[in-house]
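A.B. asks: coords please:
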Amino acid sequence: MLEKAPTPPDAPPLAAPSAADLLAWYDRHARRLPWRAGPAERRQGVRPEPYRVWLSEVMLQQTTVAAVKGYFEAFTARWPTVADLAAADEGDVMKAWAGLGYYARARNLKRCAEAVSEQHGGRFPGEEAGLAALPGIGAYTSAAIAAIAFDQPAAVVDGNVERVFTRLYAIDTPLPAAKPIVRERVAALVPTDRPGEFAEATMDLGATICTPKRPACSLCPWSAGCRARAEGTQELYPVKAAKTARPVRRGAAFVAVRADGAVLVRRREPRGLLGGMTEVPGSDWRAEPHGDATSHAPLTADWRRLPAPVAHTFTHFHLELDVWRATVPARTAAPAGMWWSAAADLDGEALPSLFRKVVAGAIEAPVSTGRPGRR
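C.D. replies: Model (predicted):
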């Protein structure tokens with residue numbers, strides 16, 4: 001719990017926040033986003049397309065709007081409807097997703113598109129329960145689609161909304177334990193006439209006004225009713241539970257470059273971390289150091305180690321990869337289950353950001369002549 005200064009006994013009561021105030025602000029300041037039907041469009045009868053709402057919400061999980069826009073426009077240009085995405089090759093979907101991270105989302109995207117096409121005639125269910133039954137759609141995404149695409153009175157709570165409401169009501173229970181409290185507060189304010197726009201408005205408020213640092217409280221439509229602002233504690237919310245230290249795992253990655261510039265790659269197992277994505281060959285990742293790293297090399301070559309490992313942080317652990325590079329003759333055959341990707345084709349491979357860093361570092365950096373040792 002936060003320690004707060006006591007409220008002066010003669011302090012005036014705070015104004016009750018209202019959906020009407022927020023929606024009036026949204027009508028003037030709504031962000032223009034490629035998946036959204038803005039206030040003016042809605043007044044003209046334009047409805048958000050459920051496919052585009054769903055796709056954007058999946059992409060936006062753990063990712064910023066700025067990062068998503070380009071991916072969203074490329075996806076919808078290539079697969080304009082859910083039926084198009086359902087019929088797409090999974091490898092192509094993974095390639096188009098490369099760089100967005102959290103790759104299970106891409107696999108579930110394909111599965112969900114197939115389910116909508118095969119089980120629902122290409123139309124998304126219009127209520128939370130039906131949406132939540134689809135592959136890869138959880139409580140948040142089902143609420144977001146139900147509200148934004150179908151104007152169902154659902155409480156939509158993402159990170160921006162958590163920040164807004166923990167400040168608005170000075171909810172000092174740490175997250176994630178505070179999530180049910182926040183959801184209850186949001187649900188109490190959702191209007192029956194514009195629930196989808198209310199959801200978008202709360203997100204916009206958190207993204208543009210009620211920001212993590214230095215929130216623009218003087219511009220906020222709910223400032224008169226915000227308890228954290230009244231107490232001067234805005235930046236203390238939301239309260240988060242103490243993080244546990246992430247363990248460190250280590251491994252080795254091998255970048256074989258053919259004389260013509262092609263790089264040796266393979267596909268990861270379909271399930272698990274980075275499942276179905278493309279990678280350069282390497283060892284498993286473990287807490288204990290590997291012994292002779294080159295015993296995991298995919299072929300015999302003059303392997304040289306880069307001076308510094310490539311570091312990458314996943315949700316639950318830090319990874320350090322020793323990167324080894326070798327140049328091999330142009331006629332070198334690819335081992336079973338692997339292929340040579342031409343230099344011009346590498347950008348189109350489903351390489352997650354980790355392995356893009358590995359390949360870029362191996363091609364550009366000097367190498368060590370030292371032999372592998374224990375770490």
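A.B. asks: got the phi/psi numbers for the residue nearest to the spatial centre of the chain?
C.D. replies: In the chain, the residue lying closest to the centroid (Cα atoms, centre = their mean) is residue 62, at 2.9 Å. Dihedral angles phi and psi of residue 62 (degrees, to the nearest 10) take the values phi 60, psi 20.
A.B. asks: pretty sure it contacts residue 104?
C.D. replies: No - the pair residue 62 / residue 104 is not scored as a contact, 11.2 Å apart, by Cβ atoms under 8 Å. C-beta: built from backbone N, CA, C; applies to glycine.
A.B. asks: re the thing from before, any idea how far the residue nearest to the centre of the chain lies from residue 140?
C.D. replies: Residue 62 sits 12 Å away from residue 140 when distances are taken as Cβ to Cβ, to the nearest Å.
A.B. asks: ends of stretch 120-136, how far apart?
C.D. replies: Chord length of stretch 120-136, first to last residue, is 16 Å (Cα to Cα, to the nearest Å).
A.B. asks: next one: stretch 215-235
C.D. replies: End-to-end for stretch 215-235, by Cα to Cα: 8 Å.
A.B. asks: list the buried ones in it?
C.D. replies: 215, 220-223, 225-231, 233-234 (16 or more other Cβ atoms under 10 Å).
A.B. asks: One more: stretch 98-108?
C.D. replies: 98, 100, 101, 102, 103, 105, 106, 107, 108.
A.B. asks: measure it end to end?
C.D. replies: For stretch 98-108, the end-to-end distance is 14 Å (Cα to Cα).
A.B. asks: Also stretch 226-240?
C.D. replies: Termini of stretch 226-240 sit 19 Å apart (Cα to Cα).
A.B. asks: Same question for stretch 333-348.
C.D. replies: End to end - Cα to Cα - stretch 333-348 spans 22 Å.
A.B. asks: Name the residues of that stretch that are buried.
C.D. replies: Neighbour-count burial for stretch 333-348, with 16+ other Cβ under 10 Å as criterion, is recorded at 334, 338, 340, 341, 346.
A.B. asks: Which parts of the stretch 1-150 of the chain are helices?
C.D. replies: Along the stretch 1-150 of the chain, counting by DSSP state H, counting those that start in this stretch, helices occupy 19-29, 39-43, 50-60, 65-78, 82-86, 90-97, 104-119, 128-132, 139-150.
A.B. asks: which other helices and strands contact the last one?
C.D. replies: Helices and strands touching helix 139-150, as assessed by 3 or more Cβ pairs under 8 Å, 6 or more residues apart in numbering; DSSP states H and E, comprise helix 50-60, helix 128-132, helix 195-208.
A.B. asks: Let me know which of those is the nearest to residue 13.
C.D. replies: Among these, helix 195-208 comes nearest to residue 13, with 22.4 Å by Cβ to Cβ.
A.B. asks: Relative to the whole chain's centre, how far out is the closest one?
C.D. replies: From the chain centre to the centre of helix 195-208 is a distance of 18 Å (Cα atoms, centre = their mean, to the nearest Å).
A.B. asks: next structured bit after it?
C.D. replies: helix 227-231 (DSSP states H and E).
A.B. asks: mean confidence for that next one?
C.D. replies: The average pLDDT within helix 227-231 is 95.
A.B. asks: Next one, pLDDT for the closest residue in space to residue 253 that isn't next to it in sequence please.
C.D. replies: In this structure, residue 253 finds its nearest non-sequential neighbour in residue 282, 4.0 Å apart by Cβ to Cβ, 6 or more residues apart in numbering. Per-residue pLDDT puts residue 282 at 94.
A.B. asks: What of residue 3?
C.D. replies: At residue 3, the model reports a pLDDT of 58.
A.B. asks: What of residue 367?
C.D. replies: 43.
A.B. asks: repeat for residue 192
C.D. replies: Looking at residue 192, its pLDDT stands at 94.
A.B. asks: among the buried residues of stretch 333-348, which are in strands?
C.D. replies: 338, 340, 341 (DSSP state E).
A.B. asks: Show me which of those is closest to residue 123.
C.D. replies: Closest to residue 123, out of all of these and judged by Cβ to Cβ, is residue 341, at 38.6 Å.
A.B. asks: who touches the closest one in this structure?
C.D. replies: Residue 341 sits next to 262, 263, 264, 265, 278, 349 when contact means Cβ atoms under 8 Å, 6 or more residues apart in numbering.
A.B. asks: The third one touches residue 342, doesn't it?
C.D. replies: The one in question is residue 264. No - Residue 264 is beyond contact range of residue 342, at 11.5 Å (criterion: Cβ under 8 Å).
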